[in-house]
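Q: With the sequence up front, the predicted model follows.
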Amino acid sequence: MAETETPDQEAAAAPPQFPLPPLDMSWAKVPTERPPKPVIGPEGFTLKLADAGAYAWAPDHWPYENDTPRGSHPSTDMGLAAPYTIYDKLEVWADNAADLYELAIREQWKPATEISWGTIEPLPDHIEASIDQIVSNISEQAYNSNQVLMGWLKEISYGYHEVKLYLATQVFDHARHVEAFRKRALSNGGGLGVQTPGFFNRTVYASFKFTELIVYMNIIRTSFLLALCEQGNKIGRSQADRQLFDRTANDLRRHMAYGIEHLRHYLLMGNDTKRRNVRTWLERGEIMMAADLKRDKPLREATILALGDTVQKGKAALLELRQAQLLKYTRALEAATYTGHDKYVTQSLREACDTP
Amino acid sequence: MQSKILEELRKESGGEDLDLSWLDAPAAERGLRVAPAKRGLTLEDISTSSYGDIPAGTRNQSGRMRGAGARSDAQNMSTHWNTKAASWSESAMLLYEEAVQRQWSSATDIPWAEMPELPDELELAMSQLCTFLTQVEFIAGDVPGKYAPNISGEYFEIGLFLASQIMDEARHLDVFRKRALANGIGLLQAGPGALGLLLAQDLTEVASTLHLVGEGFVQSMFRMGEMFAQSEVDKRMFRLSAQDESRHVAFGVMHMKYVMETQPERRDEIHTYLDRMEGNLGIGSTQAGLTGGGDTGEALAILLGGGTSEPQLREGYMKLLSIRKRQVNEYMHRLEVVGLGDRRQRMNPMMAMLLDPPRN
């Protein structure tokens, strides 16, 4: 740990006299708001508590092309104009971002030490290999979400710091999912499985718009992963496995909460064009998700073997899982006020879920 | 895999459409049984056998994680850097695990309820300092994030470390904003900011400009936070932030060391990035200067001297000079560690005058 230091000796050795710059303190006279002193609550000094009065107000359009903090007095010297592309609240906002940020920090977990790795016991080879295939898939998807989302942070201007902060927690959640599931694959006599076909990864990678990315990542992918993790007690065979799926599911619920709230904001505050955008993104995302599900033979077979004592039971459980994933997805859209989509899910995704 | 088990699975009712070739002939190494050690089950523990072979170069553009079985029909992302030297840092796994273990909460790990009333001039100065810090801290998240999509699954540990840095920087933006808003003053004068750091065109330039210079200078300042912190609240805030910055600087130092060892031909190019950061190209505002000059400098001098009277300001500026001296000498030490000790002869004269004599 880096301790703070007091180099009195160095201070004493500094040159004794030099002309003092005139006292200016113009920075102390700028007309910014004086906030009330906060009353610290049981959850500590939260972002929402700190951003009182005008500090809480996020404008529909952010006018400053640099890193000026919201609520500060902008400099006359703004320096280099920023490379941000997102200056409109519509494109990133979610009313729950500040709360999700604080919640994410409270709920952070440590894969190295908080998973009971010692509880994992040897399994029949084909069961271990099946679990490894599933966790390899999750780890790869998490890395895709992790790196693509990190790349989008530089696009978001500083008027919406709650969103940037929340997204940082999501990035860090994804990182922990990458390592935790990789660790699981390598800890019990197995190894990594086969990579995904990558249709959905590539779709996430190639998003043109931030909301498009969130539709793919926080709505479609998260729905499918969350439903999978919620059945983790059927897949996992040990306390460690169940902890992994439970804790990941808890993180994914926050990701979905941001996705739903952002999509709701985008739909409610946007015009018909925005609604049409969402329809196009959903269609594209569904087709690519279906392409992965249909072509990923190792994942399909691994899920069957991991979920059932027999192949028949495994197939029935896979069907149940796919239906749960589809339901989770359409309910997320309902919550985001994109209603009635269960009737319009693309044929390819419907097939992938009805005849897995 | 025992062929008998596979045969039985295929013969089961419903098993006729199972291929199971992924079980029969696994594409990835199997048989790993890595157990947790003293620090739990770490990335270093699982970087073993073929999974620990970090390739010097790769054609993997598909998103496949190191060690996983490949598909011939996998999608191509076409944006991943294809060399280890482009991003690697030997300390990344260790620093990532440390980051996970040492996360803290700005909401609950700072004793906000114990915040004392400060004289107005000191509270104003602290709010000004924190306005500056909340402005620039998350640029150090945006910058590494910019290059995360370029990091292949072969070198995924680098991506994980960068995610931990982004998390840390979010907490820094957050804690300094909260500090400015905690004691009745609020945010004050914003500065020109640190957007120039986003000009970096690869991770080596990021390590040169952000880690070696920018974060290094901030780390030195935070480590001397005892001098300008006015309460236990402020001391803890700077102490915890310094701990985070140490990891970021260590990552950058180890990346630069790797680059200098494996790509020594980049030496002069790297010096040009340092020229820019030190102000040798005629650009007025540099990251190094930002932590000691302008509004921030005056606020720091007031905090360091304990007020605005002439003797207090004189003491404050003298202490600020000692901070600056520490920043420059620690910067020089980092350069020596990475193999850029010749910077001593090329350093901006305004900085070089603060250097201690070289250690033989």
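A: Right, received. Where do you want to start? From a predicted model like this one, the values you see are computed outputs, not experimental measurements.

Q: so how far is chain A from the residue nearest to the spatial centre of chain B?
A: Central residue of chain B (C-alpha atoms, centre = their mean): residue B:248, 2.7 Å from the mean position. Distance, residue B:248 to chain A, by C-beta to the nearest C-beta, to the nearest Å: 11 Å. The way it works is simple: take the backbone N, C-alpha and C, and place the C-beta from them, glycine included.

Q: next SSE after the host helix or strand of that residue?
A: For residue B:248, the element it lies in under DSSP states H and E is helix B:232-262. The first helix or strand that comes after helix B:232-262 along the chain, using DSSP H and E, is helix B:267-278.

Q: That next one to helix B:232-262, inter-axis angle?
A: Angle between the axes of helix B:267-278 and helix B:232-262 is 160 degrees (criterion: axes from the mean of the first three to the mean of the last three C-alpha atoms, to 10 degrees).

Q: Dump helix B:267-278 to CSV, restricted to CA.
A: Taking C-alpha atoms only, helix B:267-278 is exported to CSV below (Å, rounded to 0.1, in the frame of the first residue of the first chain):
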residue,chain,number,x,y,z
ARG,B,267,13.5,4.5,-28.0
ASP,B,268,13.6,7.8,-30.0
GLU,B,269,10.0,7.6,-30.9
ILE,B,270,9.1,7.2,-27.2
HIS,B,271,11.3,10.2,-26.3
THR,B,272,9.1,12.3,-28.6
TYR,B,273,6.0,11.5,-26.5
LEU,B,274,7.9,12.5,-23.4
ASP,B,275,9.0,15.7,-25.2
ARG,B,276,5.4,16.5,-25.8
MET,B,277,4.4,15.8,-22.2
GLU,B,278,7.2,17.8,-20.8
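
Q: For residue 169, pull up the helix or strand it's in.
A: As the question left the chain open, I've gone with chain A. With elements taken from DSSP H and E, the one containing residue A:169 is helix A:161-185.

Q: um, chain B though
A: Taking DSSP H and E as the definition, one finds residue B:169 inside helix B:156-182.

Q: And residue A:234, its phi and psi?
A: Phi and psi for residue A:234, reported as degrees, to the nearest 10, are phi -80, psi -30.

Q: Tell me the pLDDT of it.
A: As predicted, residue A:234 sits at a pLDDT of 96.

Q: OK, contacts around it?
A: Contact analysis of residue A:234 by C-beta atoms under 8 Å, 6 or more residues apart in numbering or on different chains lists A:306, A:307, A:317.

Q: wait, isn't the last one in contact with residue A:308?
A: The reference is to residue A:317. Yes. In this structure, residue A:317 sits in contact with residue A:308. The criterion is C-beta atoms under 8 Å, and the distance is 5.2 Å.

Q: neighbours around residue A:106, how many?
A: 12 (other C-beta atoms under 10 Å in any protein chain shown).

Q: Grab the nearest non-local neighbour of it.
A: By the measure of C-beta to C-beta, 6 or more residues apart in numbering or on different chains, the closest residue to residue A:106 outside its immediate chain neighbours is residue B:105, 6.9 Å from it.
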